[in-house]
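[1] mind looking at a prediction? Sequence and model below.
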Amino acid sequence: AALNESRNSLLRELSALLGADDFHHPVHSTLWRCKTSLADAGVSSDITAILDTARKLALPLEVDYVMTLAQHDSFVSASDETLRASAKRVKDYSVLRTFALTLRQAQSLAESGNHGHEEVVAYVDDAIQNIKTSQMKRASGPVHVMHYVDAATEQLLKRIEGEVPTNTVTTGFESLNRIITGFPEGDLIVLAARPSMGKTALLCQIAAHMAKTGNRVILFTIEMSALQLMARIATSEALVELEELKRNRAMPEDYRRLMDALGPIAEWPLTIVDMSPLRPADVLSKAREIERRHGDLAAVFVDGLWLMRSQHQERDRRLEVGSISRDLKQIQRNLGLPMFVTHQLSRACESRQDMRPILSDLRETGDVEQDLDVCLMLYRDGWYNPDCLEPNVAEIICRKNRLGGEAGWTAKAYWRGQYMRFEPLETHT
């Protein structure tokens, strides 16, 4: 698989399971390290590029052996399922080697007489826990800078031509796109707000926009059931008031528009996962399942970071939220996809005269700030002051952008509360 460029989708799937250090043979380890690193850089990863990278980095690689592997019938004709099974065996043997090493080291500690039994048991417990969570970690090998220069040049040329680089996704909101120009594949994006500001609506609209344009996405819901979330998406698309529908007061025209909207929605490459409690490992496993079934996945959406549960036992909820955000960032890096996550802010912002949320409001609910790449905060003055000049105007405030740009800029959108959706402000002025 590593030597066959026609199997890049399979390579991406297997690279989440295997790291270079999982291979016992040093040449196999080098092959995997170079191939996955080149793929991560977004540049050509054929045999010539692999050999060139290994040479520049002085990594062990026997050219004749590699060429023999590339031309061997059993590797060329092997099915995807065969390669998946082989990858699993490589991972199994790697874990067993690590476990055997742990036992030998524990035996050495026990026999030395310099450590109490509690210390030895704690060492084994920690080692076993590290082995269990190793699937969330992906080792990336060194890549010569020339390959990243090639990838950066390609993206720059696209921007010069007015195109969106292939490694970014757009939001569907022009006011937001004009400022951000899409989200790169390596971003963890948090949409944070107080309740009823529209963070779930914005999350669903971005996911719907991506799905409508042919990008496969997965959306995790915790607070609402999948059916409830689907009803929100459908009524938003059809411009039907959900409350009127639930009270059986919708007009015949509303039902017609809703039925017309449901047909295309059924064809979207969108998967909704209804799971509570939801843990970071669940996000990784479900995303990988979608990749195995359908191929490439474009983005991951999670509605409700504050409702998730950590894989680690934490007595303090703030520490638990911080642990969750760190795990999500690791998973996002593992998947190599943009991940959008909603988060609910504390009441701290409502105690100020200017109630627009700021970055420090995140700290009240856990150490999320340090892990995210982009932080977008929603604010609607009309929620607090119905008699204000612009009660339906929503502000999407960027409080952090790790890739650069001045924080604090604001994109505005029109909030149509009866349909629970945002629309371009210019269409309502």
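    Thanks, I have it.

[2] what about the strands in the stretch 51-200 of the chain?
    Assigned by DSSP state E, counting those that start in this stretch, the stretch 51-200 of the chain shows strands spanning 168-169, 183-184, 188-193.

[3] what residue ranges in the stretch 201-350 of the chain score low on pLDDT?
    For the stretch 201-350 of the chain, residues meeting the criterion pLDDT under 70 lie at 313.

[4] got the contact list for the residue nearest to residue 305 when sequence neighbours are not counted?
    Residue nearest to residue 305 in three dimensions, not counting chain neighbours: residue 343, with 4.4 Å by C-beta to C-beta, 6 or more residues apart in numbering. Every C-beta, even on glycine, is put in place using the N, C-alpha and C of the backbone. Residue 343 makes contacts with 190-192, 199, 305-306, 362, 365, 368, as judged by C-beta atoms under 8 Å, 6 or more residues apart in numbering.

[5] residue 343 belongs to a strand?
    Yes. Judged by DSSP: H, G, I helix; E, B strand; the rest coil, residue 343 forms part of a strand.

[6] quickly list what it is bridged to.
    For residue 343, the residues forming beta bridges with it (DSSP bridges) are residue 192.

[7] again with residue 380
    With DSSP bridges as the rule, residue 380 is bridged to residue 394.

[8] which strands and helices lie in contact with the longest helix anywhere in the chain?
    Ranked by residue count, the top helix of the chain under DSSP state H comes out as helix 80-112. Counting contacts by 3 or more C-beta pairs under 8 Å, 6 or more residues apart in numbering; DSSP states H and E, helix 80-112 is packed against helix 8-17, helix 117-132.

[9] let's see it at 10 Å
    helix 8-17, helix 73-76, helix 117-132 (3 or more C-beta pairs under 10 Å, 6 or more residues apart in numbering; DSSP states H and E).

[10] mean pLDDT lowest for which of those?
    If the helices and strands packed on helix 80-112 are sorted by mean pLDDT, helix 73-76 sits at the bottom with a mean of 62.

[11] and residue 215, what does it touch?
    Contact partners of residue 215, counting by C-beta atoms under 10 Å, 6 or more residues apart in numbering, are 169-170, 207, 209, 268-270, 296-299.

[12] so which of those are in helices?
    Going by DSSP H, the helices hold 207, 209 from these.

[13] distance to residue 55 and neighbour count added to the contacts of residue 215, as TSV?
    Formatted as TSV, these follow (distance: C-beta to C-beta, whole Å; neighbours: other C-beta atoms under 10 Å):
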residue	distance to residue 55	neighbour count
169	35	23
170	39	18
207	44	25
209	44	16
268	46	18
269	41	19
270	44	21
296	31	14
297	34	23
298	35	18
299	36	24
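
[14] please report phi then psi for the spatially most central residue of the chain.
    Central residue of the chain (C-alpha atoms, centre = their mean): residue 339, 3.0 Å from the mean position. When read as degrees, to the nearest 10, the backbone of residue 339 gives phi -120, psi 120.

[15] in the sheet, who's paired with it?
    Going by DSSP bridges, residue 339 forms beta bridges with residue 188, residue 300.

[16] cool, thanks, talk later.
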